[in-house]
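Q: Coordinates only, no sequence provided:
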């Protein structure tokens, strides 16, 4: 996905001189080619994330289309107030890219791990939130964000567990729920980001009959969720995010009072990570590895 993101940013800047990339001293390898080809559209704001969002808001008011990049622990978490007041309050067309969301910065501890970003942003008005599972969903999410006249946040994990889809999503893909596995009328699983791949592997290993849907848009209209949930015996949500305020909460809010079934949310533990280790080690520690998901099916 990282290579796809680099390409998308270059293509956007070459197609539209208003596009400006802002970073807070992060993403050097990601932006190497961009800086060679479009140096006048690249701005390193230094280690000053709050100021960077203010600069982006000013650029947007002046007619530019800023794309703000940072680690998810910093963008959006460190700059939440600036996103709220400088950008969302004015409904400005700023795209925020939060890289390394979830547990993927497994060796850097709680300061760099981020599993509260979606919960924080869902409470803000007028911002679209995307969590692509692979490069094709990233292309779709970036296209949607670019065509928006308001703020957007794209949540990026760096695990890059491979493609879920074999081709780009259809341009008229509007309900924002993409079927990955179709196999059941009674058992349903929703997942987002890297957890789509984890959930698919768990379902494949279990041999159980499940419908699995990827949810790349976390500001989806609830009616699309309700449409899929009716008549189910069990619904499982898997996300690399806190169980509070993320995709699981979105689904629960949508179906409350409308659907009666067994409902489970698998997300990060409600505690800080206690150990350093590999990404797979931390997934297991938080109960989000393939084996843990398989047990919950």
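A: Sure thing, it's come through. Predicted model, so just to flag it, every value in this text is computed and none were measured.
Q: Could you check how far the residue nearest to the spatial centre of the chain is from residue 86?
A: The centroid of the chain falls nearest to residue 131 when counting by CA atoms, centre = their mean (2.2 Å). Counting by CB to CB, to the nearest Å, the separation of residue 131 from residue 86 is 23 Å. From N, CA and C alone the C-beta is placed, and that goes for glycine too.
Q: tell me the phi and psi of the residue nearest to the centre of the chain?
A: phi -140, psi 80 (degrees, to the nearest 10).
Q: Let me see the contact set for it.
A: 101, 118, 154, 155, 192, 193, 215, 216, 218, 247 (CB atoms under 8 Å, 6 or more residues apart in numbering).
Q: mind running it again at 7 Å?
A: With contact set as CB atoms under 7 Å, 6 or more residues apart in numbering, residue 131 has these partners: 155, 192, 193, 216, 218.
Q: One more: residue 162?
A: Counted by CB under 7 Å, 6+ apart, residue 162 has contacts residue 197.
Q: what's the nearest residue to residue 179 if we skip its chain neighbours?
A: In space, and not counting its chain neighbours, residue 179 is closest to residue 213: 5.7 Å by CB to CB, 6 or more residues apart in numbering.
Q: The chain: helices as residue ranges?
A: Taking DSSP state H, the helices of the chain run over residues 2-15, 28-37, 49-61, 80-82, 117-122, 135-147, 195-206, 222-229, 247-255, 279-285, 290-296.
Q: any chance of those in a markdown table, with mean neighbour count and distance to residue 96 too?
A: Listed next are those as a markdown table, based on neighbours: other CB atoms under 10 Å; distance: least, CB to CB, whole Å:
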| stretch | mean neighbour count | distance to residue 96 |
| --- | --- | --- |
| helix 2-15 | 17 | 13 |
| helix 28-37 | 14 | 15 |
| helix 49-61 | 20 | 8 |
| helix 80-82 | 16 | 10 |
| helix 117-122 | 22 | 9 |
| helix 135-147 | 20 | 9 |
| helix 195-206 | 22 | 21 |
| helix 222-229 | 16 | 23 |
| helix 247-255 | 21 | 18 |
| helix 279-285 | 19 | 23 |
| helix 290-296 | 17 | 29 |
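Q: between those, which gets nearest to residue 236?
A: Nearest to residue 236 among the helices of the chain is helix 290-296 (6.1 Å), distances taken as CB to CB.
Q: got the contact list for the closest one?
A: 198, 199, 201, 202, 205, 206, 236, 238, 264, 266, 284.
Q: one more time with 6 Å, if that's ok
A: The contact list for helix 290-296 (CB atoms under 6 Å, 6 or more residues apart in numbering) reads 198, 199, 201, 202, 205, 206, 238, 266.
Q: Please apply the same query to stretch 110-130.
A: Contact with stretch 110-130 is made by 72-73, 76, 80, 84, 88, 91, 98, 101-103, 105, 141, 148, 150-154, 216-219, 241-242, 245-246, 268, 272-273, as judged by CB under 6 Å, 6+ apart.
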